[in-house]
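*Asks:* Got a sequence here, can you build the structure:
(chains A and B)
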There are 2 protein chains.
Amino acid sequence: MDHTDEKWMNLAFEQAQKAFELDEVPIGAVIINSQNELISEAHNLKHTKECATAHAEVLAIDKACKKLGRWRLTDCTLYVTLEPCLMCAGAILQARLSKVVYATKDPKAGACKSLYHCLEDSRLNHKCEVTEGPLQQQCSELLKKFFQSKRKKDNK
Amino acid sequence: MDHTDEKWMNLAFEQAQKAFELDEVPIGAVIINSQNELISEAHNLKHTKECATAHAEVLAIDKACKKLGRWRLTDCTLYVTLEPCLMCAGAILQARLSKVVYATKDPKAGACKSLYHCLEDSRLNHKCEVTEGPLQQQCSELLKKFFQSKRKKDNK
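*Replies:* Predicted structure coming up:
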């Protein structure tokens, strides 16, 4: 395990905790550049913003584009606590990110390895390296805790 | 051909023309509700905003969520001049749109019929009806005109 990956995933995890505190599905993301500098961080705000596209990855990409003043993030890597969905995998390709690192699989909606392999599709005009695993257990447990508490509330 | 489809696609085409005037890839989108009322309209602003996610569909979805004050657009239909890419097809699923109508295929990146069939994937938690064809020629010709003028500039 790369310790740099753990460091940045830990920051993404802190973002996921912020989402948890807002009663949002706890997913966090950060973007760094090739000099290993933090460019942006964001967490899921779908319900808070009542906005269907306000996933952590899309918000982190939007913030990074704004900060760098360009739509191309070719020199950047995105860390995210859960495997990106179709929308977010598509946004990663649109932004030309060079690498994505996610903590834990999403067997129901993941578009990087689980249901689709969008980031490695040679028919598209961009490919993106994918790594799975840093802080897998920690990020997965936060998600489980969230959905268990949701079910408890629903059963009351 | 449904004349209502032509009417709304024409509005999406007007949006695409606005993108053309800004030297953006000419793609436009509109969202209507089940009472056949206009909810939002948008055009591609990727270069203008220097934002990788600023495709017409994402911008139209964001505006619709804001206007209606909710992330769920279950009662809505999206009209767009070009077949949505992976990011936009994913955003359409996230917003739970009931129907998408696009004018012309995108054989290189289309995620509704061409490269993927994302909107009709029974493994995902939402499916969306897809119709192709209204104002196909008109929307396709505007795109061709754009790319031809780009090539001419590049060759100078």
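*Asks:* Validate this expectation: A:Ala103 resides in a strand.
*Replies:* Yes. Under DSSP: H, G, I helix; E, B strand; the rest coil, A:Ala103 falls within a strand.
*Asks:* Next up, phi/psi of the nearest residue to it once chain neighbours are set aside, please.
*Replies:* In this structure, A:Ala103 finds its nearest non-sequential neighbour in A:Cys139, 3.7 Å apart by C-beta to C-beta, 6 or more residues apart in numbering or on different chains. Using the backbone N, CA and C atoms, a C-beta is placed for each residue, glycine as well. As for A:Cys139, its main-chain torsions (degrees, to the nearest 10) stand at phi -70, psi -40.
*Asks:* Can you verify my assumption that A:Cys139 contacts A:Glu83?
*Replies:* No. At 10.3 Å, A:Cys139 and A:Glu83 do not qualify as touching, with contact defined as C-beta atoms under 8 Å.
*Asks:* Need the overlap of contacts for those two.
*Replies:* By the contact definition C-beta atoms under 8 Å, 6 or more residues apart in numbering or on different chains, A:Cys139 and A:Glu83 are jointly contacted by A:Thr104.
*Asks:* what about A:Lys105, how many neighbours?
*Replies:* 16 (other C-beta atoms under 10 Å in any protein chain shown).
*Asks:* So for it, what's the pLDDT?
*Replies:* Note on A:Lys105: pLDDT of 98.
*Asks:* Contact partners for it?
*Replies:* By C-beta under 8 Å, 6+ apart, the neighbours of A:Lys105 are A:83, A:113-114, A:132.
*Asks:* Get me the contact residues on chain A for chain B.
*Replies:* Applying C-beta under 8 Å from any C-beta of the partner chain, we find that chain A lies next to chain B at A:46-47, A:49-55, A:58, A:61-62, A:65-66, A:69-73, A:85-91, A:93-96, A:108-109, A:111, A:115-116, A:118, A:121, A:123-125.
*Asks:* How about the contacts made by the most centrally placed residue in chain A?
*Replies:* Centroid-nearest residue in chain A: A:Val80, 3.0 Å away (criterion: C-alpha atoms, centre = their mean). A:Val80 is in contact with A:12, A:27-29, A:56-57, A:60, A:88, A:100-103, counting by C-beta under 8 Å, 6+ apart.
*Asks:* Looking at the residues you listed, spot the one nearest chain B.
*Replies:* Closest approach to chain B among these (C-beta to the nearest C-beta): A:Cys88, at 7.1 Å.
*Asks:* Now name the helix or strand holding the residue nearest to that closest one when sequence neighbours are not counted.
*Replies:* Once flanking residues are discounted, A:Cys88 sits nearest to A:Glu57: 3.9 Å by C-beta to C-beta, 6+ apart. For A:Glu57, the element it lies in under DSSP states H and E is helix A:56-68.
*Asks:* Just want the phi and psi numbers for the residue nearest to the centre of chain A.
*Replies:* According to degrees, to the nearest 10, A:Val80 has phi -140, psi 150.
*Asks:* Repeat that for A:Leu78.
*Replies:* According to degrees, to the nearest 10, A:Leu78 has phi -110, psi 130.
*Asks:* Most neighbours among the contacts of A:Lys105, please name it.
*Replies:* The contacts of A:Lys105, ranked by neighbours (other C-beta under 10 Å): first place A:Glu83, 25 neighbours.
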